[in-house]
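Novice: here are the coordinates; sequence isn't available:
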């Protein structure tokens, strides 16, 4: 089961990955670009909930098929990146415990590992994949319980508020890293995306303008010192999630929006997963030793090239094989 293709949502992906890359490259004016991940989380919640809800209403969720599709979509590129890291780590990152890092990334548990331990961060950016993977594992099992209630959106809003309050509690009583990295504290954005999928809010141009302005301000704000991260993992994340909610509702309604659905934005959005995986280890090698005018373009060219290779030589052939091996009679688009 798949959904009608919406190019504007790929445009949202492109904006999100650009914010993350600029942030990791220490570009002035993008020091709050980590909020790009909050947009990704809301978008994931929207897309997967839309997919599963449509399947549920057509007769039931095929959980095994869903898991297999997710694994074939996400695992090959991840494992390729991890394999390259393991091969190069003795030369480029000799201080890393490369096998531990590889296992944590491959098992999608870097989120909790970083929350509770001081670890090598070379491929630690895979923590966000751990957050999403736990959602993929749990949501096909939990979503039907919400859909069987009389008011599923009310229940989801209640859970979103509870998770948000839990993140605030963790940030204020324990450490910012526990509040920032863990699935149980970061699934609030994913839940908000699920709410967007079930409500299909109509967004006015004024609301969209306000949301975009908030995201730009959040992106421009500098990162806080490590010892004072409470505000960054509480109010700042909540504002980013709510703004992303508005942006994604708009993109869902206006799938052909001129800017978001333009060819460059759509293609960059299709490459966003690969860009995210490949850019970060290179950034760590360059940003402390090279000027920005070298770090940024080299990172962009390398990650774009590797993402394109993975998309066209790994993901696309696997997708074609999957469609032949597992034909879906309920496919809509």
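Specialist: Sure thing, it's come through. Computed from a predicted model, the values in this text were never measured in an experiment. Numbering: from 1, shown residues only.

Novice: alpha carbons only for contacts and neighbour counts from here, please
Specialist: OK.

Novice: where along the stretch 51-200 of the chain do the helices fall?
Specialist: Along the stretch 51-200 of the chain, the stretches classed as helices by DSSP state H, counting those that start in this stretch are 63-92, 98-106, 110-116, 127-147, 152-173, 176-181, 183-199.

Novice: again but with the stretch 201-333 of the chain, I slipped
Specialist: 205-220, 235-253, 263-270, 272-286, 292-310, 316-325.

Novice: how about those helices in JSON lines, adding mean pLDDT, mean neighbour count and distance to residue 108?
Specialist: Output for the helices of the stretch 201-333 of the chain, formatted as JSON lines (pLDDT from 0 to 100; neighbours: other C-alpha atoms under 10 Å; distance: least, C-alpha to C-alpha, whole Å):
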{"stretch": "helix 205-220", "mean pLDDT": "95", "mean neighbour count": "17", "distance to residue 108": "27"}
{"stretch": "helix 235-253", "mean pLDDT": "95", "mean neighbour count": "22", "distance to residue 108": "22"}
{"stretch": "helix 263-270", "mean pLDDT": "96", "mean neighbour count": "20", "distance to residue 108": "22"}
{"stretch": "helix 272-286", "mean pLDDT": "97", "mean neighbour count": "21", "distance to residue 108": "13"}
{"stretch": "helix 292-310", "mean pLDDT": "97", "mean neighbour count": "18", "distance to residue 108": "20"}
{"stretch": "helix 316-325", "mean pLDDT": "82", "mean neighbour count": "12", "distance to residue 108": "21"}
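
Novice: would you turn those helices into JSON lines with distance to residue 133?
Specialist: Shown next, in JSON lines, are the helices of the stretch 201-333 of the chain (distance: least, C-alpha to C-alpha, whole Å):
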{"stretch": "helix 205-220", "distance to residue 133": "25"}
{"stretch": "helix 235-253", "distance to residue 133": "19"}
{"stretch": "helix 263-270", "distance to residue 133": "19"}
{"stretch": "helix 272-286", "distance to residue 133": "13"}
{"stretch": "helix 292-310", "distance to residue 133": "20"}
{"stretch": "helix 316-325", "distance to residue 133": "19"}
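
Novice: Residue 160: which of those helices is closest?
Specialist: Closest to residue 160 of the helices of the stretch 201-333 of the chain is helix 235-253 (C-alpha to C-alpha; 10.5 Å).

Novice: which secondary structure elements does the closest one contact?
Specialist: The criterion is 3 or more C-alpha pairs under 8 Å, 6 or more residues apart in numbering; DSSP states H and E, and the helices and strands that helix 235-253 contacts are helix 7-24, helix 35-57, helix 183-199, helix 205-220.

Novice: go with 10 Å
Specialist: helix 7-24, helix 35-57, helix 152-173, helix 183-199, helix 205-220 (3 or more C-alpha pairs under 10 Å, 6 or more residues apart in numbering; DSSP states H and E).

Novice: want to throw those into TSV with distance to residue 243?
Specialist: Formatted as TSV, the helices and strands packed on helix 235-253 follow (distance: least, C-alpha to C-alpha, whole Å):
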stretch	distance to residue 243
helix 7-24	12
helix 35-57	8
helix 152-173	15
helix 183-199	11
helix 205-220	5
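
Novice: between the ones you listed, which one is nearest to residue 64?
Specialist: Between the helices and strands packed on helix 235-253, helix 35-57 lies closest to residue 64; by C-alpha to C-alpha that is 12.5 Å.

Novice: The closest one - contacts with which helices or strands?
Specialist: By 3+ C-alpha pairs under 10 Å, 6+ apart, helix 35-57 packs against helix 7-24, helix 63-92, helix 127-147, helix 183-199, helix 205-220, helix 235-253.
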